[in-house]
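Undergrad: Need a 3D model of the following:
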Amino acid sequence: MTLHLGPQSVGQRLDRALVMALEKAGHATTRSALAHAFERGDVVADGKRLKPGQKVDRELTVEVTLPVPQPLRAEPEDIPLDIVYEDDVVLVVDKPAPLPVHAGPGHPTHTLVGAVLHHLGVEPSALPVLPGNDPTRPGIVHRLDKDTSGLLVVTKTPQAQAHLAEQFRRHTIERAYLGVSEGSPTWTKLRVDTPHRRDPRDRRRFAPVGDGGRRAITDMQVERRLHGATLVRFTLHTGRTHQIRMHARHVGHPILGDALYGRRPTDPRVVAAIATLDRHALHATLLAFEHPTTGQPLRFESPLPPPLQHLVTTLSAPHRK
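TA: Residues are numbered from 1 along each chain as shown. Model prediction:
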């Protein structure tokens, strides 16, 4: 395909500018797929092969050749599930990180959906799909980012799915997360209320910019102050994509280990503590909703998983020279 990089791309890395141009043209791809195209010599301008790290210094017309992506499918997969609750209409699981909820670019298999289908012993068509969603998301009414662990509810019937979707739409479902943020906030409690739109500088991210966008509201409360970091409880009042991660960045205390919204810490002890962390430090610790059939309130809590508990313990202990 032929892509034109206009004035807005000048000064950016070429690979980043191309990812944004591909998304805008309706050809979303992963950075790894684009990296392979560079390696093959399939990114060309004026008959010359380009390099991913070079800066765009002028308007440029680029020819990119990418393989046709294989269609994504939901398939049963024998993956262990941590089941917190199950009945005839709903299933509540404690999702590990870094497990994606459903298939997507870069992770066509090994998903929570695949694990659920295997556990139930059913084909994807046996579970409902929300209107507007693609068939890779049977039973799904909400999601967690791949590197976020914690509580998630899956529905087994169309009626249950519609009922829970309405609860999410009305923001009557209670959801709270624990995250380890960089630095020490000056506040103990804070409500963040911002617009929520795609970041114009990086389409992979969201940012609190623009007028008339969707509204995102998060309550933040300090749970424990650590060395160079803080354990924060985040309570959602809306459920936008990347909402907590975006708001944590917005207030200057990004989630540790967050490759998209974070930054490299400057404190050597914090750097050492997250060196082996293969995820970001965010966990869905509370999920409460009305049962879609009985109307009874259901409430579930999940403690920090071992890697994040170890991170908190490490940054709580006195430093040893």
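
Undergrad: Arg49: how many residues sit nearby?
TA: 11 (other C-beta atoms under 10 Å). The way it works is simple: take the backbone N, C-alpha and C, and place the C-beta from them, glycine included.

Undergrad: Thought Gly41 was touching it, still the case?
TA: Yes - using C-beta atoms under 8 Å as the test, Arg49 is close enough to Gly41 to be in contact (4.7 Å).

Undergrad: tell me the contacts of Leu144?
TA: When contacts are counted by C-beta atoms under 8 Å, 6 or more residues apart in numbering, Leu144 touches 95, 101, 150, 152, 284.

Undergrad: Checking my notes, the fourth one in a helix, right?
TA: No - counting by DSSP: H, G, I helix; E, B strand; the rest coil, Leu152 is not found in a helix; it is strand.

Undergrad: so what's it scoring on pLDDT?
TA: The per-residue pLDDT reported for Leu152 equals 98.

Undergrad: show me what contacts it?
TA: Counting by C-beta under 8 Å, 6+ apart, the residues that Leu152 touches are 92-95, 101, 112, 142-144, 284, 287.

Undergrad: Look up the residues forming beta bridges with it.
TA: Val93 (DSSP bridges).

Undergrad: residues contacting the closest residue to Ala176 other than its chain neighbours?
TA: Closest residue to Ala176 apart from its sequence neighbours, by C-beta to C-beta, 6 or more residues apart in numbering: Leu286 at 3.9 Å. If you count contacts by C-beta under 8 Å, 6+ apart, Leu286 has them with 151, 174-177, 299-302.

Undergrad: re the thing from before, compare the contacts of Leu144 and tell me which has the most neighbours.
TA: Ranked by the number of neighbours (other C-beta under 10 Å), the contacts of Leu144 place Gly150 first, at 26 neighbours.

Undergrad: so it touches Ala176, yeah?
TA: No - under the criterion of C-beta under 8 Å, Gly150 makes no contact with Ala176, lying 9.6 Å away.

Undergrad: residues shared between the contacts of these two?
TA: 284-285.

Undergrad: Just the helices from the stretch 51-200 of the chain, written as ranges.
TA: 112-120, 158-169 (DSSP state H, counting those that start in this stretch).
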